[in-house]
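Participant: let me see the structure of the following:
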Amino acid sequence: VANEGGKHWTVNEVRALIRIWSDKNIQQQLEGTVRNKRIFEQVAARLQKLGIDRDWKQCRTKYKNLKHEYKSVKSAQDSGSTSKSMKFFNELDAILGHCTMEQASKSDNDESERPPEWTEAKSEKDSVG
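Facilitator: Coordinates of the predicted model:
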């Protein structure tokens, strides 16, 4: 799923995405909504200004994948395991670490209880039209 819309994200592209995501304004918008196409259109437009050509769907998919990976690494660490790690963990921890896991899963509209492929399919249907 990672390269759903073409090429893999480069390290610089992911860094730029995280930088935009770390904007308090963007975070607040993302926390309060599940129908977030408009927000990711803003994110994609900001990436475009940096010369990064990604559409809103690619941005949203990458955001979801990073958030999911962060959560699984974080919960592994919380249970004492140090074997799990990921690139950009510290950057994501700066954004996501301030809210507890309960808050994080609430802002996902409890989608975190379901396997990721369900949330993907559901989101795609939501965004059509």
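Participant: if I look at Tyr63, how far off is Tyr70?
Facilitator: To Tyr70, Tyr63 is 11 Å away according to Cβ to Cβ, to the nearest Å. Every residue, glycine included, has its C-beta placed from N, CA and C.
Participant: mind listing the helices for this structure?
Facilitator: For the chain, the helices defined by DSSP state H cover 11-21, 24-31, 37-49, 56-78, 89-96, 101-107, 116-127.
Participant: give me the most central residue, this protein.
Facilitator: Tyr63 (2.1 Å; Cα atoms, centre = their mean).
Participant: per-residue pLDDT, Ser81?
Facilitator: Per-residue pLDDT puts Ser81 at 86.
Participant: mind showing which ranges of the protein have poor pLDDT?
Facilitator: Scanning the chain for pLDDT under 70 picks out 1-6, 98-129.
Participant: re earlier: now the common contact residues for Tyr63 and Tyr70.
Facilitator: By Cβ atoms under 8 Å, 6 or more residues apart in numbering, Tyr63 and Tyr70 have no common neighbours.
Participant: I'd say Ala44 and Arg60 touch.
Facilitator: No. The pair Ala44 / Arg60 is not scored as a contact, 9.0 Å apart, by Cβ atoms under 8 Å.
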